[in-house]
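[1] Just to be clear, the model below is a prediction. Sequence and coordinates:
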Amino acid sequence: IGLATVATVGILSSIQKDKIIEDQQQTIEERDEEINYLQKRREAEEEDAFKGKGKELVNENGENVCSVCLLGKVTKVLVPCGHYAVCSACITKLKAYNDSRCPICRRKFEKAIMVY
């Protein structure tokens, strides 16, 4: 009886291991599909942005509104893309977060020039 019990535990253990491996492989496949989907979506969004689908926002008074916070008055032009799209507070935050991409076209900007 002792040997039979040891053999049964070994088989169950092997079956459990196979199930765990199968579950992990399925999880990996699902994550790979999700990654592929997100990469394609990001590429499509970047392509749309470079085609000029992003817009500089204007309020009812005709003033440009910050594309990040949607509240502040735009005071910065981004170089090299040339978008007039960000207020002083948001450009400070973008730099603090090391996010040097234009909120309109998503191109990397080198600097932001104050416009008076």
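    Yes, it's here. Numbers count the residues shown, from 1 in each chain.
[2] Now do the lowest-mean-pLDDT helix or strand in the chain: which elements does it pack against?
    Of all helical and strand segments in the chain, the minimum by mean pLDDT, DSSP states H and E falls on strand 57-58, at a mean of 74. Applying 3 or more C-beta pairs under 8 Å, 6 or more residues apart in numbering; DSSP states H and E, we find strand 57-58 packed against strand 64-65. The C-beta positions use only the backbone N, C-alpha and C, and glycine is treated the same way.
[3] how close does the residue nearest to the spatial centre of the chain sit to residue 98?
    Central residue of the chain (C-alpha atoms, centre = their mean): residue 42, 7.6 Å from the mean position. In this structure, residue 42 and residue 98 are 18 Å apart, going by C-beta to C-beta, to the nearest Å.
[4] low-confidence ranges in this protein?
    Regions of the chain meeting the criterion pLDDT under 70 cover residues 1-12, 46-56.
[5] ok, now with 50
    Scanning the chain for pLDDT under 50 picks out the ranges 52-53.
[6] That one: strands as residue ranges?
    Assigned by DSSP state E, the chain shows strands spanning 57-58, 64-65, 76-79, 84-86, 111-114.
[7] Tell me which of those strands is the most buried.
    Most buried of these, by mean neighbour count (mean count of other C-beta atoms under 10 Å): strand 84-86, with a mean of 23.
[8] Note down every partner strand of the least confident helix or strand of the chain and its orientation.
    strand 64-65 (antiparallel) (DSSP bridges).
[9] Just the residues contacting the strand it pairs with, thanks.
    Residues outside strand 64-65 that contact it (C-beta atoms under 8 Å, 6 or more residues apart in numbering): 56-59, 71-74, 84-85.
[10] Now do the phi/psi pair for the closest residue to residue 90 other than its chain neighbours.
    Leaving aside its sequence neighbours, residue 90 sits nearest to residue 68 (C-beta to C-beta, 6 or more residues apart in numbering; 3.9 Å). Note on residue 68: its backbone torsions stand at phi -90, psi -60 [degrees, to the nearest 10].
[11] how does the protein divide up, domain by domain?
    1-53, 57-114 (automatic domain parsing).
[12] And the helices in this protein?
    With DSSP state H as the criterion, the chain has helices at 2-50, 88-96.
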